[in-house]
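> The amino acid sequence is not available; the structure is as follows:
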């Protein structure tokens, strides 16, 4: 089954009681049992819900996996992965990752005994030398947030399999439309469903997908025992969003590519970060492991002052200044104070994340309007 067909139909069956083509919102907290322990597959809504089941099945299909597990947010999904491990276990991650992931690892799980090694993305190719007998997981994010660096998933997972180390890939920026880490050897894929999968900036959710039955059972246990589950209304909204994922991602990629090229040619723009640009260090690799280059573009102005950066963002009219990404509307984010505000400034600067970096989540509007908006904002003083 091709991707567009899966996006619309995978995991979805007409409602057995009415024939409704759309999965109903099963807004219930519990289910009537015929006798103690005898029921129709559902006992309590924290444990399972038919709307959530349909979404989990759909997400698993889109990632070419067997098991999907949904959580209340992307960080709740990341939290579940980290709960697989015990004090003293070691986890390797690139230093250029989402600030919330870094905060969760450093401020929640490190004090509980997990050991984290944050590695420069350019050195992760030498991963074999970093793995020890205590290494249990390599966490990857590609493209990275917000500098859009590209990591060779197949290369890293190959090393990890030889060493019996698990790999989890945050696939939020690519979405399953552009990249399928399980096909490249990953054990778990994580999504902030809030972003491209939902696609309409109206819900918060996270998900994990795996084809490993043992891992799936452990993650489902954590889902139920910890209780960070999404509600049926949110699951319904994401199911609706998935049906247009392929159409939206096509437009996101087309618009972002044009904007990245326009920014690169602008006299007042300095560095542009976008893997679709030929001069991007990860361009060739992205072309091999992805089916497009995504809808996020980051850039810096030649006038590298904080004041000019702030003024530019404040002057935008179509690009809304706000956190998040992946919605149909275009957003402008200041990573240093928003997505990576929880990362110490010295750590941000080490990875090249300046206070003057601007990140764009390019929406599906007419690209001419988006370019005109950027032009007036950058050109104004």
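All right, it came through fine. Since the structure is predicted, the reported quantities are computational estimates derived from the model, not experimental observations.

> I'd like the next helix or strand past the least confident helix or strand in the chain by mean pLDDT.
Within the chain, confidence by mean pLDDT, DSSP states H and E is lowest for helix 345-350 among all helices and strands, at a mean of 86. The helix or strand immediately downstream of helix 345-350 is strand 358-361, counting by DSSP states H and E.

> low pLDDT regions in the stretch 201-350 of the chain?
Within the stretch 201-350 of the chain, no stretch has pLDDT under 70.

> contacting residues around the least confident helix or strand of the chain?
95, 102, 336, 340, 354, 355 (C-beta atoms under 8 Å, 6 or more residues apart in numbering). Where C-beta positions appear, they are placed from N, C-alpha and C, glycine not excepted.

> and that helix, which residues are buried?
Neighbour-count burial for helix 345-350, counted by 16 or more other C-beta atoms under 10 Å, picks out residue 348.

> again with stretch 212-223
Buried residues in stretch 212-223, defined by neighbour count with 16+ other C-beta under 10 Å: 212, 215, 216, 218, 219, 220, 222, 223.

> Redo those as JSON lines? Include secondary structure and distance to residue 344.
As requested, these are arranged in JSON lines below (DSSP: H, G, I helix; E, B strand; the rest coil; distance: C-beta to C-beta, whole Å):
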{"residue": "212", "secondary structure": "coil", "distance to residue 344": "35"}
{"residue": "215", "secondary structure": "helix", "distance to residue 344": "32"}
{"residue": "216", "secondary structure": "helix", "distance to residue 344": "35"}
{"residue": "218", "secondary structure": "helix", "distance to residue 344": "32"}
{"residue": "219", "secondary structure": "helix", "distance to residue 344": "30"}
{"residue": "220", "secondary structure": "helix", "distance to residue 344": "35"}
{"residue": "222", "secondary structure": "helix", "distance to residue 344": "29"}
{"residue": "223", "secondary structure": "helix", "distance to residue 344": "31"}
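
> For residue 30, state which of these is nearest.
Taking C-beta to C-beta as the measure, residue 30 lies nearest residue 223 of these, at 17.5 Å.

> And residue 113, how far from residue 186?
For residue 113, the distance to residue 186 (C-beta to C-beta, to the nearest Å) stands at 25 Å.

> Pick out whichever of those two has more residues nearby.
residue 186 (27 against 11; other C-beta atoms under 10 Å).

> Geometric centre of the protein: which residue is closest?
residue 172 (1.8 Å; C-alpha atoms, centre = their mean).

> give the contact list for that residue.
The contact partners of residue 172, taken as C-beta under 8 Å, 6+ apart, are 74, 98, 141, 145, 190, 191, 192, 195, 196, 326.

> One more pass at 7 Å, please.
Contacts for residue 172 (C-beta atoms under 7 Å, 6 or more residues apart in numbering) come out as 74, 191, 192, 195.

> beta partners for the residue of the chain positioned farthest from its centre?
Largest separation from the mean C-alpha position in the chain: residue 35, at 42.1 Å (C-alpha atoms, centre = their mean). Following DSSP bridges, residue 35 is listed with bridge partners residue 38.

> pLDDT value on it, please?
Predicted confidence (pLDDT) for residue 35: 82.

> how close does it get to residue 262?
For residue 35, the distance to residue 262 - C-beta to C-beta - is 66 Å.

> shaky segments in the stretch 51-200 of the chain?
Looking at the stretch 51-200 of the chain by pLDDT under 70, you get 121-125.

> could you pull out the helices for it?
74-82, 99-103, 153-162, 175-178 (DSSP state H, counting those that start in this stretch).

> What about the closest residue to residue 20 other than its chain neighbours, how many residues nearby?
Counting by C-beta to C-beta, 6 or more residues apart in numbering, residue 14 is the residue found nearest to residue 20 once chain neighbours are left out, at 6.4 Å. Using other C-beta under 10 Å, residue 14 has 11 neighbouring residues.

> Next: residue 340.
Close neighbours of residue 340, defined as other C-beta under 10 Å, add up to 27.

> which residues touch it?
Residue 340 neighbours (C-beta under 7 Å, 6+ apart): 99, 348, 353.

> For residue 89, see how far away residue 133 is.
Distance of residue 133 to residue 89, computed by C-beta to C-beta: 11 Å.

> of these two, who's got more company?
It is residue 89, of residue 133 and residue 89, that has more neighbours when counted by other C-beta under 10 Å, with 16 against 6.

> What is the helix ranked longest in the chain packed up against?
In the chain, with assignment by DSSP state H, the single longest helix is helix 245-264. Packing partners of helix 245-264 (3 or more C-beta pairs under 7 Å, 6 or more residues apart in numbering; DSSP states H and E): helix 3-9, helix 175-178, strand 269-273, strand 296-301, helix 367-379.

> and of the ones you listed, who's closest to residue 228?
helix 175-178 (22.1 Å).

> Contacts for the closest one, please.
3, 62, 63, 196, 197, 245, 246, 249, 290, 291, 292, 294.

> do that again at 6 Å, thanks
Outside of helix 175-178, the residues within contact range by C-beta atoms under 6 Å, 6 or more residues apart in numbering are 62, 63, 196, 245, 246, 249, 290, 291, 292.

> what about the second one, how many neighbours?
Pointing back at residue 63 there. Applying other C-beta under 10 Å, we find 26 residues neighbouring residue 63.

> for the fifth one, same thing?
In terms of burial, residue 246 registers 19 neighbours under the definition other C-beta under 10 Å.

> Go ahead and confirm it touches residue 7.
Yes: at 5.3 Å, residue 246 counts as touching residue 7 under the criterion of C-beta atoms under 6 Å.

> Distance of residue 263 relative to residue 206?
31 Å.

> no wait, residue 373
Counting by C-beta to C-beta, the gap from residue 373 to residue 206 is 31 Å.

> quick one, which of these two is more surrounded?
When residue 373 and residue 206 are compared on other C-beta under 10 Å, the one with more neighbours turns out to be residue 206, at 25 against 18.

> What sits closest to the more buried one if chain neighbours are left out?
Spatial nearest neighbour of residue 206, excluding adjacent residues (C-beta to C-beta, 6+ apart): residue 77 at 3.3 Å.
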